[in-house]
Every structure is written in C-alpha cells, then in structure tokens.
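Return a 3D structure for these sequence lines:
(chains A and B)
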Number of protein chains: 2
Amino acid sequence: MPFDPGSLKYDAAGLIPCVAQDAVSGEVLMLAWMNEGAVRRTLETGKVTYWSRSRGAFWVKGESSGHHQRLVELRLDCDRDCLLALVRQEGPACHTNRRSCFYTAVREGEEVEIMAPVHA
Amino acid sequence: MPFDPGSLKYDAAGLIPCVAQDAVSGEVLMLAWMNEGAVRRTLETGKVTYWSRSRGAFWVKGESSGHHQRLVELRLDCDRDCLLALVRQEGPACHTNRRSCFYTAVREGEEVEIMAPVHA
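Predicted coordinates:
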C-alpha cells in the first residue's frame, strides 16, 4: 500500500510525535513533533525535519547546529498516531551537547545524570 | 536531587508521552501517555502504568492481556516533557500481538509490514 502522510492521525494541533532512534546503536535520542508537511519533507529529503512548536516553523534537525539527522527508515505504530525514525545522527542529538536528550535517570528516587556532554 | 513527578512538564490535558524501550534488546516497543499519578504508580509499583486517554483511566500495562511491562529504569529528557521507560516486556507489547507497535515501515513510498504477530 502506498504510504500517504495524510493518513496519519495528527492531534488537534496537526502534530504527531516522532521518536528518533540511532539506527546502529538502538539508542533513543529524542522525541519531537512533525506535522504532515514535516513528514513529507523528511521522506523527500532524507533529512529528518520536525515542526518546531516554539518557533512555529519547520526545523531541519542540524540545520543550525550541524548535528544532522539522516533518515534511515521511518516507521509508524499500530494506531498511526506515532512515528519512529531510525536515523544516522551526526554528533549529539541534544541541544545540551549530549548524545541523547534522555540523559537523566530516576534511581532510588533521585535524578541522576548518566551522560556527559560530548566535546566536539 | 530528589525526583518529583510534579516537576515534569505535562501538556494541557495533564499528560506526558512515554516511550517504552526493551531494556535488553533496545527495541522501541510503544509510545503511550502518563499523567502525574501514572508516573508515581509506575515508580512505586515497578509496573509500567499509563493513562488511557480513550478510557479515561489508569492502564496498568498487561493487566488484562497478561503482557506485563516491568520497569527497569525511568528516564526524562532535557525539556522534562517526555519520558523513556526501559522495560522488561513479557510477550508482545502491541495489542495486535506483535512485539512492537512499530511494525510498519515506509520503504520506497510503500507501507511494509516488517513484523509478524507472536503466537503465544
């Protein structure tokens, strides 16, 4: 069946969450949001493109930071309301310069930082 | 710093997305939603507990299906508006009986099913 980005279930704001996972290591890097246009652009360009809710604009990951995310494969879930992007991530995915945004773990009730910033 | 579930950033509906990842294989299994109470219950019981938006009730994963999700570690992202649960998943995570909800890939413009249902 041909994939139609319009067939996904977007929320009231026209957005769908997308989990970015390192295609090689399996590490979950980040979660961000796409609208239909961002899904189309991601597939057409191979550059993972989100919709920035704060800026109200397309956000080509790495455009300003240089830390590009190249699409390896896009997957959708059973409810068609969430995406999983397998990616090749250059450098850190997180704006704090850490490889993943999920660098804080809850251990015995305490927040523990489990990942240090990468030095480029 | 002690972790306070009240310090997370919930959306207008009081919810935060949570990505469940197999703690051993690294496979991304599903994404569902938690409210503050679900985060607390997950940490207190070790049973991953979501908030069912359709039923408007707590949803202890596996309670009806028997396909429990045991919490290995909860992590939060840099913006405190998304959770990552590393889990020990018994059986399939998906209601379609597939290991993961992300069983559909987009390949050359086509939807391709890349995972078959598990037979218990």
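
which regions of chain A sit below the pLDDT cut-off?
Along chain A, the parts satisfying pLDDT under 70 run over A:120.

Which residues does the residue nearest the centre of it form beta bridges with?
Nearest to the mean C-alpha position of chain A, by C-alpha atoms, centre = their mean, lies residue A:20 at 3.8 Å. Note on residue A:20: beta-bridge partners by DSSP bridges are residue A:30, residue A:85.

residues touching it, list them.
Contacts for residue A:20 (C-beta atoms under 8 Å, 6 or more residues apart in numbering or on different chains) come out as A:28, A:29, A:30, A:31, A:32, A:48, A:61, A:69, A:85, A:87, A:89, A:93. All C-beta spots, glycine's among them, are computed from the backbone N, C-alpha and C.

now, which of the residues you listed sits nearest residue B:81?
Residue B:81 has its nearest neighbour among those in residue A:31, at 8.6 Å by C-beta to C-beta.

number of nearby residues for residue A:23?
By other C-beta atoms under 10 Å in any protein chain shown, the residues close to residue A:23 number 16.

Chain neighbours aside, what residue packs nearest to residue A:26?
Closest residue in space to residue A:26, ignoring its immediate chain neighbours: residue B:26 at 3.1 Å, by C-beta to C-beta, 6 or more residues apart in numbering or on different chains.

so residue A:41 makes contact with residue A:58?
Yes - contact status for residue A:41 versus residue A:58: in contact at 6.7 Å, counting by C-beta atoms under 8 Å.

So for those two, which residue has more residues nearby?
Set side by side, residue A:41 and residue A:58 show more neighbours around residue A:41, with 20 against 15, by other C-beta under 10 Å.

That one and residue B:112: what is the separation?
21 Å (C-beta to C-beta, to the nearest Å).

show me where chain A has helices.
Here chain A has its helices, by DSSP state H, at A:36-45.

residues from it in reach of chain B?
A:1-3, A:17, A:19, A:21, A:25-28, A:30-31, A:43, A:73-79, A:82, A:84, A:94-96, A:98, A:101-107, A:109-111, A:114 (C-beta under 8 Å from any C-beta of the partner chain).

Could you tell me how many residues sit around the residue of chain A at minimum distance from chain B?
Closest approach between chain A and chain B, counting by C-beta to the nearest C-beta: residue A:26, at 3.1 Å. By other C-beta under 10 Å, the residues close to residue A:26 number 14.

List the residues that contact it.
B:25, B:26, B:27.

and of the residues you listed, the nearest to residue A:54?
Nearest to residue A:54 among these, with distances taken as C-beta to C-beta, is residue B:26, at 29.9 Å.

State the distance from the closest one to residue A:73.
15 Å.

Residue A:67: how many residues sit nearby?
Residue A:67: 18 neighbours (other C-beta under 10 Å).

surely it meets residue A:47?
No - the pair residue A:67 / residue A:47 is not scored as a contact, 11.8 Å apart, by C-beta under 8 Å.

Identify the contacts common to the two.
residue A:61.

Give me the spatial nearest neighbour of residue A:70, chain neighbours excluded.
residue A:88 (4.4 Å).

Enumerate every residue touching the one you found.
Residue A:88 sits next to A:22, A:23, A:24, A:69, A:70, A:72 when contact means C-beta under 8 Å, 6+ apart.

Of those residues, select the buried ones using a ChimeraX command.
Buried subset of the contacts of residue A:88, written as a ChimeraX selection, criterion 16 or more other C-beta atoms under 10 Å in any protein chain shown:
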select /A:22,23,69,70
